[in-house]
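*Asks:* predicted model, plus sequence, below.
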Amino acid sequence: MDGLDGSNAILQQEQQQQSLNPKDWIVAAHHLHLFVTTDPQNAWDLLHEERSLMTRLTTSCADLDDILGGGISCKQVTEIGGVPGIGKTQLGIQLAVNVQMPSYCGGLGGKAIYIDTEGSFMGERAQEIAEACVEDISEYKRFLHKDLQACQGEIHGKDVLQNIYFFRICSYTEQIALINYLEEFISDHKDVKIVIIDSVAFHFRQGFEDLALRTRILGEMALKLVKLAKMCNLAVTNICSLYCRFLSYILSMLTTYLIRHFLLFKVVLLNQVTTRYMEGSFQLSFSLGDSWSRWCTNRIILYWNRNERYAYIDKSPYLRPAAAPYSVTARGIRNSAPHCKRSKLV
Amino acid sequence: MSQVQSEPSTHNNLRPAFMTPQKLLPVEKCSLGCPILDCCMGGGIPCNSITEIVAESGSGKTQLCLQLSLRAQLPPFLGGLSASSLYLYTEFPFPTRRLHQLSSSLQCQYPQIFASNYDPCDSIFLQSVNTADQLLDIMPQVESFLENSKTRLPVRVIVIDSMAALFRAEFENTASDLIRRSSLFFKISGKLKEFAKRFNLVVLVTNQVMDVVDSGEGVNEVRIGNLSGMYSSGRRVCPALGLSWANCVNSRLFLSKDEYESGLVGGGESGFLSRETRRRLHVVFAPHLPDLSCEFVIRREGVVGVNR
């Protein structure tokens, strides 16, 4: 089981934040070891796990991958936000395609769940990105690994679309129902490696005058994800109750931790932005408020800088804040080419 | 493996069915009847999606709406949807004469489709809406109209012309009103998106623009979409209804117009300066479209793109 290794990793990660007294960590670590299941592991398992902990999913934009330490990190909740038209959906589609690519191309060789709440997912655009991605891979194979061609089956753009489980959600009740159902769905489809929710905010922005109610529903939704992870093994359950006695903000770490143990998958949430009245002026901020942001490990903000799109790491336990330009091309998310001539006219 | 999404019942459906994106292909689109405009929009206005047209008055928003609701009646091999449309108008009066003009020119263009005793205007259902709350209130009626329409052609187009008129008068610039307003945006667009998905509708809404007042220390506004600045009639403008409404639509198109002097006509002292209007259509943002724009003119027979 991956309990031991994963818990060490998260401890290291959280220690980097130096948010807690080291003494507390020793206590926590001690308890962790008590609860971890003691299935023997051989060296191969350990090596394999270590590798899988390092896995990153490429965004297909080298600059963005650079600041992310190689791509969107596995087993964590990443929230991506930005104004309409900045490329949130494009990035979501790109990730849903990339996850299916073999690992030597920066993918994970898995499948994707795409939850569309806004209706912005366009089949034709997904096909376009998928085909470009498949083309790039065959190019790459020809260039570098001629021998790989034999062992790896050819991927077609059509197959790529087949491997995206697409849900279109029309109300927040449906959204909650789907989160409940995901547990069952993922245990039936073990090859799912990424869950993309585009966007998490849309249905929670209508008719919630009662913000306390909304916070509760959102909290419940996040807890459902926790519960989802709980069924993985007993150890997790116990760690949960232990940690709850610590500071409440650890909850977000906890989600991360639990998701980390759950099928090694990652959750990408695409959020909307809104303006918020702060200190006498309206400022841009993420939708759904602070109580939601606790649940997300990583947060990436997409914004315009002059005529270029930029991504900025706003919150991450292990990456330093950095910004990188990217561009949305016909082939998907790519590096931003300086002085690229864009065809303005038809 | 894949199964088509079953008839969705929003509250009882505890097990949402998945589908693969291949089921979404090909995306049905309603052509505007002009290859240049269609090319700019990737083949037309897409179904199952909300498309917004932003422009100042007199730029051709309503023209495009009328044209779309007429063209939707054509069969698919002519770029239409074989569908009638529901036209919700909030700005008075409704341009009946212009609709008749466009309709008769469409009839002349396709005499084999429209029998001589049939008027394409009969397949456009009009409803006036006066307030934002009324728009939300008539949503159940719209739903039942879409569900059990006894119309000759099924209703597959909803036009709201214009959204801005409903919201611009009624709401104060106070925090509580703004919250109420944006909550209404999300309710309305949530309903529209639900209908768009269930009935595979084209939803077209129009929006007005506001002038951007430069406070001297740079323009303090959030950039949305491909254009770093929207200019129309030589003024800097931005779409009305703000950021939260921009989150509610899937695609946004912007129509600009600019008048310029094309030269002296007649010559000599007696000549007069002729003015020409250049109009452009820009894709501000759309999930399926690159940053494109094209020039168009408004003619008697409708809106047509021009290559220049």
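*Replies:* Yep, that arrived.
*Asks:* would you map the strands across the stretch 101-250 of chain A?
*Replies:* With DSSP state E, counting those that start in this stretch as the criterion, the stretch 101-250 of chain A has strands at A:111-116, A:164-168, A:192-198.
*Asks:* export the ones you listed to TSV and tack on mean pLDDT, mean neighbour count and distance to chain B?
*Replies:* Bear in mind the C-beta positions are built from the backbone N, C-alpha and C, glycine included. Below are the strands of the stretch 101-250 of chain A laid out as TSV (pLDDT from 0 to 100; neighbours: other Cβ atoms under 10 Å in any protein chain shown; distance: least, Cβ to the nearest Cβ, whole Å):
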stretch	mean pLDDT	mean neighbour count	distance to chain B
strand A:111-116	85	24	8
strand A:164-168	89	23	4
strand A:192-198	80	24	10
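*Asks:* export those strands to TSV and tack on distance to residue B:90?
*Replies:* Below are the strands of the stretch 101-250 of chain A laid out as TSV (distance: least, Cβ to Cβ, whole Å):
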stretch	distance to residue B:90
strand A:111-116	29
strand A:164-168	29
strand A:192-198	30
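*Asks:* contacting residues around the residue lying closest to residue B:25 once chain neighbours are set aside?
*Replies:* Leaving aside its sequence neighbours, residue B:25 sits nearest to residue A:123 (Cβ to Cβ, 6 or more residues apart in numbering or on different chains; 4.2 Å). Going by Cβ atoms under 8 Å, 6 or more residues apart in numbering or on different chains, residue A:123 touches A:161, B:21, B:22, B:23, B:24, B:25, B:26, B:27.
*Asks:* these, buried ones only, as a ChimeraX selection?
*Replies:* In ChimeraX, this line selects whichever of the contacts of residue A:123 come out buried by 16 or more other Cβ atoms under 10 Å in any protein chain shown:
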select /A:161 /B:21,22,24,27
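*Asks:* poorly predicted segments of chain A, please.
*Replies:* Counting by pLDDT under 70, chain A has low-confidence residues at A:1-41, A:46-55, A:74-77, A:145-154, A:206-211, A:221-297, A:338-346.
*Asks:* per-domain residue ranges of it.
*Replies:* Taking automatic domain parsing as the reference, chain A has its domains at A:1-54, A:61-122+A:162-335.
*Asks:* can you verify residue A:310 is assigned to a helix?
*Replies:* No - using DSSP: H, G, I helix; E, B strand; the rest coil, the assignment for residue A:310 is strand, not a helix.
*Asks:* circling back to that earlier point, so which of the contacts of residue A:123 are in strands?
*Replies:* Using DSSP state E, no member of those falls within strands.
*Asks:* would a markdown table of the contacts of residue A:123 with distance to residue B:34 be doable?
*Replies:* A markdown table is the format used below for the contacts of residue A:123 (distance: Cβ to Cβ, whole Å):
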| residue | distance to residue B:34 |
| --- | --- |
| A:161 | 31 |
| B:21 | 29 |
| B:22 | 30 |
| B:23 | 30 |
| B:24 | 26 |
| B:25 | 24 |
| B:26 | 20 |
| B:27 | 19 |
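*Asks:* how about stretch B:41-57: buried residues?
*Replies:* In stretch B:41-57, counting by 16+ other Cβ under 10 Å, buried: B:41-56.
*Asks:* is chain A within reach of it?
*Replies:* Yes - contact between stretch B:41-57 and chain A, assessed by Cβ under 8 Å from any Cβ of the partner chain, occurs at B:42, B:46, B:48, B:49, B:50.
*Asks:* OK, contacts around the residue in chain B that chain A sits nearest to?
*Replies:* Of all residues in chain B, residue B:285 sits closest to chain A, at 2.6 Å by Cβ to the nearest Cβ. By Cβ under 8 Å, 6+ apart, residue B:285 lies in contact with A:84, A:85, B:224, B:225, B:226, B:251, B:252.
*Asks:* could you dump those to a markdown table with secondary structure, distance to residue B:34 and neighbour count?
*Replies:* Below are the contacts of residue B:285 laid out as a markdown table (DSSP: H, G, I helix; E, B strand; the rest coil; distance: Cβ to Cβ, whole Å; neighbours: other Cβ atoms under 10 Å in any protein chain shown):
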| residue | secondary structure | distance to residue B:34 | neighbour count |
| --- | --- | --- | --- |
| A:84 | coil | 27 | 24 |
| A:85 | coil | 24 | 25 |
| B:224 | coil | 27 | 21 |
| B:225 | coil | 23 | 23 |
| B:226 | coil | 22 | 23 |
| B:251 | strand | 18 | 26 |
| B:252 | strand | 20 | 26 |
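*Asks:* which residues of the stretch 101-250 of chain B lie near chain A?
*Replies:* B:175, B:179, B:182-183, B:185-187, B:190, B:193-194, B:196-198, B:222-226, B:228, B:242-244, B:246-247, B:249-250.
*Asks:* the chain: helices as residue ranges?
*Replies:* No chain in the question, so chain A it is. Taking DSSP state H as the test, the helices found in chain A are A:3-17, A:22-35, A:43-54, A:62-67, A:88-98, A:123-143, A:148-151, A:157-162, A:172-188, A:211-230, A:234-243, A:250-261, A:289-293.
*Asks:* ah, no, chain B please
*Replies:* Using DSSP H, helices in chain B cover B:35-40, B:61-71, B:96-109, B:132-137, B:139-147, B:163-168, B:175-198, B:242-246.
*Asks:* how about the contacts made by residue 129?
*Replies:* Using chain A here. Each residue near residue A:129 by Cβ under 8 Å, 6+ apart is listed here: A:90, A:93, A:94, A:97, A:331, A:332.
*Asks:* ah, no, chain B please
*Replies:* Taking Cβ under 8 Å, 6+ apart as the criterion, residue B:129 is in contact with B:88, B:89, B:90, B:135, B:138, B:160, B:166.
*Asks:* how far away is the first one from residue B:99?
*Replies:* When you say that, I think you mean residue B:88. Counting by Cβ to Cβ, to the nearest Å, the gap from residue B:88 to residue B:99 is 15 Å.
*Asks:* related to what we said a few turns ago, among the contacts of residue A:129, which one sits closest to chain B?
*Replies:* Proximity of the contacts of residue A:129 to chain B (Cβ to the nearest Cβ) peaks at residue A:90, which lies at 7.3 Å.
*Asks:* what's the nearest residue to that closest one if we skip its chain neighbours?
*Replies:* Counting by Cβ to Cβ, 6+ apart, residue A:90 lies nearest to residue A:328, which is 5.0 Å off, once chain neighbours are set aside.
*Asks:* now do stretch B:48-61: distance from first to last residue.
*Replies:* End-to-end distance for stretch B:48-61: 21 Å, by Cα to Cα, to the nearest Å.
*Asks:* and the two most separated of the buried residues of stretch B:41-57?
*Replies:* Across those, no pair lies farther apart than B:48 and B:56, at 29.0 Å, counting by Cβ to Cβ.
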